[in-house]
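**Q** Provided below are the primary sequence and the corresponding predicted coordinates.
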Amino acid sequence: MKLTFFGGAGTVTGSKILLEVNYKKILIDCGLFQGLKELRKKNWEALPIDLTNLTCVLLTHAHLDHSGYLPLLIKNGYKGAVYCTKPTKDLTEVILLDSGKIHEEDAKRANKYNYTKHNPAKPLYTIEDAKEAINRIKSFEFNKWHPLDEHIQFKFINSGHILGSAFILLKINEKIIVFSGDVGRKNPIILNPFEYIEHADYLVVESTYGNRIHKNKIISDELLKYINHTYSKAGTLIIPTFSVERAQEIIYLLSILKQNKQLPKIPIYLDSPMGVDATQIYYSHPNHHKLTEKDITNMRLTVQLISNIHTSRTIVNDKNPKIVLAGSGMITGGRVLHYLEHLIENQKNSILLVGFQANGTRGRSLLSGDSELKFFGKYHKINAEVFKINEFSGHADQPELLDWLQHFKSPPQLTFINHGEPHESQALNIKIKSELHWNCTVAKMNTVYYLN
């Protein structure tokens, strides 16, 4: 058996892990690189794998950095299926279609306004490519072993990160390899918490926040503080929002504030076709989250869901105070850019970041205090106030990761630490070695690791 990391090692994006065993080649996650240009360029490079010999793809969850490369994998020759949970299948369909649309629109805009070195600029993949990938996705139940062949079985166990997210267990000749994907919080806002696993011979664990301890602040109070502050300036609060999980969490918290009569009387919009579709998917999977029917009713009464582009343009041009949730969460694209184009240069407005901002993204630029932000081919002066709520994270912090690891009844033979920037991964590596006394290593990109 051997593992090779083609993404998600030394970075928090582009997750792809190849497991080779018994003449089988299994790809765990198939993510798109985001953030720094040097990483995004990797999306255009062919994987050093004979895709015609790839047995299957297993997805831990639907986020683009774990599923977004699927259309390219299939476009480049992969003939097999993609396995995941039912909620992950539903969300991945929405995410891939949205991604294909954004790639098409970005290429069209770059050609129209001539801010590209390529002539012409082409999309990384199209909506049709996304549809081809969607046709390959097959869903499986949680907490059951499913056979790949007479020697290999796989199982999905809830990881509490987003709807449908799972730890993947592979049983191979009686040895168990566990892939954490992204580990959720111990007490998520709307999801059921992650489950513990008792045994692994080998483990791959994420380290996004491997050096961090999330503060214990009441998130709804933090959210209300920035809403009231912006309202006092007669401004608009723009919340660049991850369409899956973060949007639904914020809508839920806003609905609680509204029920408690704490919100100012201004309109609230979720302006994101993908966010709207994802929210409807959450509503349709009541067994996979903590929301009650009453919660869902209140959420529907609190926030107006906007998909129509003409309605979106009307809201963008409306100068009255409002709260807008719009994708994308790291401001890498999406409708949030149209709001920022109109609102970022006015100091009465505010931008509230509510999630991880990867290196090289516009969200990270805002967080770093840059004075200008480039989009649509030009620079825009940042006069709007910029705020950040860290407590929204869907990733376990260091104590939560250690709590999950401590519930293994015995140490794995070897633990691989991935999906983290170098400092975070190394910090978790040291912590595991010093506190748990486990044998572990920080995974390196394109390095082959042999398993006994």
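**A** Happy to help now that I have it.

**Q** Could you use CA atoms for every contact and neighbour count after this?
**A** Will do.

**Q** Relative to Phe242, how far out is the closest residue in space to Arg362 that isn't next to it in sequence?
**A** Excluding the flanking residues, the one nearest Arg362 by C-alpha to C-alpha, 6 or more residues apart in numbering is Ile331, at 5.5 Å. Ile331 sits 9 Å away from Phe242, taking C-alpha to C-alpha, to the nearest Å as the criterion.

**Q** same question, Cys84
**A** Relative to Phe242, Cys84 is positioned 21 Å away (C-alpha to C-alpha).

**Q** higher neighbour count, the two?
**A** Set Cys84 next to Phe242 and count neighbours by other C-alpha atoms under 10 Å: Cys84 wins out with 28 against 23.

**Q** The more buried one: what's it in contact with?
**A** Counting by C-alpha atoms under 8 Å, 6 or more residues apart in numbering, Cys84 touches 58-61, 137-140, 156.

**Q** Pull out the buried members of those residues.
**A** 58-61, 137, 140, 156 (16 or more other C-alpha atoms under 10 Å).

**Q** Looking at the residues you listed, which is nearest His214?
**A** Of all the buried ones among the contacts of Cys84, the one with the least separation from His214 (C-alpha to C-alpha) is His61, at 22.7 Å.

**Q** quick one, what contacts that closest one?
**A** Listed by C-alpha under 8 Å, 6+ apart, the contact partners of His61 are 67, 84, 88, 162, 164-166, 181.

**Q** now, which of these lie within strands?
**A** Assigned to strands by DSSP state E, the following of those qualify: 84, 166.

**Q** TSV for the contacts of His61, including distance to Ala9 and pLDDT?
**A** As requested, those are exported to TSV (distance: C-alpha to C-alpha, whole Å; pLDDT from 0 to 100):
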residue	distance to Ala9	pLDDT
Ser67	16	98
Cys84	22	98
Thr88	23	98
Ile162	21	95
Gly164	23	97
Ser165	20	98
Ala166	19	98
Gly181	12	97
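
**Q** before we move on, the earlier item: so which of the contacts of Cys84 are in strands?
**A** Short answer: the contacts of Cys84 in strands (DSSP E) are 58, 137-140, 156.

**Q** can you name the two of those that are farthest apart?
**A** With distances taken as C-alpha to C-alpha, the most widely separated pair in the ones in strands among the contacts of Cys84 is Ile137 and Phe156, at 15.1 Å.

**Q** Tell me which residue is most central in this structure.
**A** Residue closest to the mean C-alpha point of the chain, counted by C-alpha atoms, centre = their mean, is His63 at 3.9 Å.

**Q** what sits against it?
**A** Contacts for His63 (C-alpha under 8 Å, 6+ apart) come out as 31, 92, 95, 244.

**Q** Quick check: it vs Lys75, distance?
**A** Distance from His63 to Lys75, by C-alpha to C-alpha: 20 Å.

**Q** cool, Ala427 as well?
**A** On the measure of C-alpha to C-alpha, Ala427 and Lys75 end up 38 Å apart.

**Q** again with Lys388
**A** 38 Å.

**Q** Repeat that for Ala200.
**A** Applying C-alpha to C-alpha to Ala200 and Lys75 gives a distance of 34 Å.

**Q** Of the two, give the one with the bigger neighbour count.
**A** When Ala200 and Lys75 are compared for neighbours, Ala200 comes out ahead with 23 against 15, by other C-alpha under 10 Å.

**Q** Now do the contacts for the more buried one.
**A** Ala200 neighbours (C-alpha under 8 Å, 6+ apart): 175-178, 408, 411-412.

**Q** and which of these is nearest Thr447?
**A** For those, the nearest to Thr447 is Ile177 (18.0 Å; C-alpha to C-alpha).

**Q** Correct me if wrong, but the closest one is in a helix.
**A** No: applying DSSP: H, G, I helix; E, B strand; the rest coil, one finds Ile177 to be strand, outside a helix.

**Q** And stretch 202-222, how far out from the chain middle?
**A** Taking C-alpha atoms, centre = their mean, to the nearest Å, one finds the center of stretch 202-222 at 14 Å from the center of the full chain.

**Q** on that earlier part again, if we take the contacts of His61, which one ends up nearest to Val12?
**A** Nearest to Val12 out of these is Gly181 (C-alpha to C-alpha; 11.0 Å).

**Q** mind listing the strands for the stretch 101-250 of the chain?
**A** Residue ranges of the strands in the stretch 101-250 of the chain, as given by DSSP state E, counting those that start in this stretch, are 137-140, 146-147, 152-158, 166-172, 175-179, 202-206, 237-240.

**Q** likewise the stretch 251-400 of the chain?
**A** Taking DSSP E, counting those that start in this stretch as the criterion, the stretch 251-400 of the chain carries its strands at 268-271, 304-306, 323-326, 350-353, 372-375, 378-381, 385-388.

**Q** What pairs with the fourth one, parallel or antiparallel?
**A** Put plainly, it is strand 350-353. strand 237-240 (parallel), strand 385-388 (parallel) (DSSP bridges).

**Q** Any chance of the contacts of Cys84 in a markdown table with pLDDT as columns?
**A** Formatted as a markdown table, the contacts of Cys84 follow (pLDDT from 0 to 100):
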| residue | pLDDT |
| --- | --- |
| Leu58 | 98 |
| Leu59 | 98 |
| Thr60 | 98 |
| His61 | 98 |
| Ile137 | 98 |
| Lys138 | 98 |
| Ser139 | 98 |
| Phe140 | 98 |
| Phe156 | 98 |
